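Chemist: Give me a model of this one.
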Amino acid sequence: MSTEFDYFGDPRFGKLLDLVLQLSTELHVDRQRLRALEQLLVRRDVLGPGDLDGFTADADGQAVLDRERDLLLTRLMRILTEQGPAEHPLRDQWEAALSGKSG
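Modeler: Residues are numbered from 1 along each chain as shown. Reported below is the predicted structural model:
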């Protein structure tokens with residue numbers, strides 16, 4: 001961790017802050033998209049107001065939801081456990097994604 005971004009004097013606190021910021025970003029984006037999608041579906045009479053609140057997934061749908069949850073938790077835990085500069089969380093995944101797109 002560079003000292004330029006070492007606001008707390010302990011890199012573990014920096015990693016915790018990174019985790020909180022990542023969670024906050026994910027939560028904000030997901031909530032905005034979910035609200036927009038629900039409003040569109042209600043506006044087009046695909047759903048009634050409040051239908052989403054009573055939704056229960058079938059087995060296949062639940063497996064997808066569980067897998068997505070596990071992937072999110074893996075990414076978040078990586079922020080806490082990775083080595084290297086804290087100002088670049090998930091750099092390995094980012095670089096792998098970029099190299100996969102260019103090839």
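Chemist: Work out which residue lies at the spatial centre of this protein.
Modeler: What sits nearest the mean C-alpha location of the chain, by C-alpha atoms, centre = their mean, is Glu26, with 4.0 Å.
Chemist: Which residue is the nearest non-sequential neighbour of that residue?
Modeler: Leu72 (6.9 Å; C-beta to C-beta, 6 or more residues apart in numbering). Where you see a C-beta, it was placed from the backbone N, CA and C, and this is true even at glycine.
Chemist: Most distant residue from the centre of this protein?
Modeler: Distance-from-mean max, the chain, by C-alpha atoms, centre = their mean: Asp45 at 29.8 Å.
Chemist: so where's the protein shaky on pLDDT?
Modeler: Along the chain, the parts satisfying pLDDT under 70 run over 1-6, 83-94, 101-103.
Chemist: Just the buried positions in the top helix by length along it, please.
Modeler: Counting residues, the longest helix found in the chain (DSSP state H) is helix 11-43. For helix 11-43, the neighbour count (16 or more other C-beta atoms under 10 Å) marks 14-15, 18-19, 22, 38 as buried.
Chemist: can I get those residues in TSV with distance to Leu80?
Modeler: Converted to TSV, the buried residues of helix 11-43 look like this (distance: C-beta to C-beta, whole Å):
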residue	distance to Leu80
Gly14	11
Lys15	5
Asp18	8
Leu19	6
Gln22	10
Glu38	32
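Chemist: returning to what we had before: other SSEs contacting the helix or strand just after the longest helix of the chain?
Modeler: Following helix 11-43 in sequence order, the next helix or strand is helix 59-81 (DSSP states H and E). Packing partners of helix 59-81 (3 or more C-beta pairs under 8 Å, 6 or more residues apart in numbering; DSSP states H and E): helix 11-43.
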